[in-house]
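Enquirer: how would this look folded up:
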Amino acid sequence: MEEVCQILAIYVSPGHNFFGRHKELPLEHEVVSVSSVECVAGSGLVGDRFFGHKKDYKGQITFFSSEVYNRLCEELGGVAKPASVLRRNVITQGVDLNRWIGKEFLIQGVVFEGVEECRPCYWMDSALGVGAEAAMRGQGGLRARILKGGTLRVSL
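Expert: Okay, the predicted model is just below:
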């Protein structure tokens with residue numbers, strides 16, 4: 001059941017920049033790169049804005065593919081922004097995240113349930129570049145629940 005994928009980066013943010021801010025200016029809470037993060041079953045990532053958000057929240061953790069990110073940067077004319085602007089928690093390599101939708105999966109001893117695509121919204125155009133929202137459709141990342149906690153670490 002252990003999935004073979006690398007974790008290239010892990011990000012947490014203490015506050016929401018876009019969530020619940022439709023038609024308002026985004027806030028400016030920093031995104032913090034960490035080498036490891038504690039995943040708490042049913043609650044989320046310690047130190048992240050969605051930790052304990054609500055019972056059975058579908059986005060306790062979010063994943064994004066480095067392969068998709070690299071393709072997006074190319075398609076958008078060589079964007080030179082870090083993957084952290086996408087505000088997903090874990091940047092992966094070597095796995096098609098969409099295949100985990102509706103399934104349980106295991107990474108580094110932590111058990112997750114893939115819930116749905118992290119659908120991109122219009123904020124992506126300002127965060128990454130004009131055209132990002134459209135280019136990300138169908139591959140905006142993965143929202144997941146944490147079923148069995150543990151610690152995720154950036155792969156060495």
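Enquirer: So which residues of this structure form helices?
Expert: Using DSSP state H, the helices of the chain run over residues 66-75, 123-127, 132-136.
Enquirer: Nearest to residue 59, out of those?
Expert: Between residue 59 and those, the tightest spacing by Cβ to Cβ is seen for helix 123-127, at 14.9 Å. (Each C-beta comes from the backbone N, C-alpha and C, glycine too.)
Enquirer: So what touches that closest one?
Expert: With contact meaning Cβ atoms under 8 Å, 6 or more residues apart in numbering, helix 123-127 is reached by 18, 26, 81, 85-87, 131-133, 136, 140.
Enquirer: Comparing the helices of the chain, which yields the minimum mean pLDDT?
Expert: Lowest mean pLDDT within the helices of the chain: helix 123-127, a mean of 77.
Enquirer: can you pull the buried residues of it?
Expert: 123-125, 127 (16 or more other Cβ atoms under 10 Å).
Enquirer: May I see these organised as TSV, with distance to residue 105 added?
Expert: Below are these laid out as TSV (distance: Cβ to Cβ, whole Å):
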residue	distance to residue 105
123	27
124	25
125	30
127	27
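Enquirer: So which helix or strand of the chain has the lowest pLDDT on average?
Expert: helix 123-127 (a mean of 77; mean pLDDT, DSSP states H and E).
Enquirer: what ranges do the strands span in this protein?
Expert: 6-12, 32-34, 36-40, 44-45, 61-65, 90-93, 104-107, 110-117, 142-148, 150-153 (DSSP state E).
Enquirer: Could you say which of the ones you listed is packed most deeply?
Expert: Across the strands of the chain, averaging neighbours per residue (mean count of other Cβ atoms under 10 Å) puts strand 44-45 on top, at a mean of 26.
Enquirer: Give me the packing partners of that strand, helices and strands only.
Expert: strand 36-40 (3 or more Cβ pairs under 8 Å, 6 or more residues apart in numbering; DSSP states H and E).
Enquirer: Name the strands paired with the strand it packs on and say parallel or antiparallel.
Expert: Next to strand 36-40 in the sheet, as set by DSSP bridges, lie strand 44-45 (antiparallel), strand 150-153 (antiparallel).
Enquirer: Switch the ones you listed over to CSV; also include mean pLDDT and distance to residue 58.
Expert: Converted to CSV, the strands paired with strand 36-40 look like this (pLDDT from 0 to 100; distance: least, Cβ to Cβ, whole Å):
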stretch, mean pLDDT, distance to residue 58
strand 44-45, 95, 11
strand 150-153, 97, 18
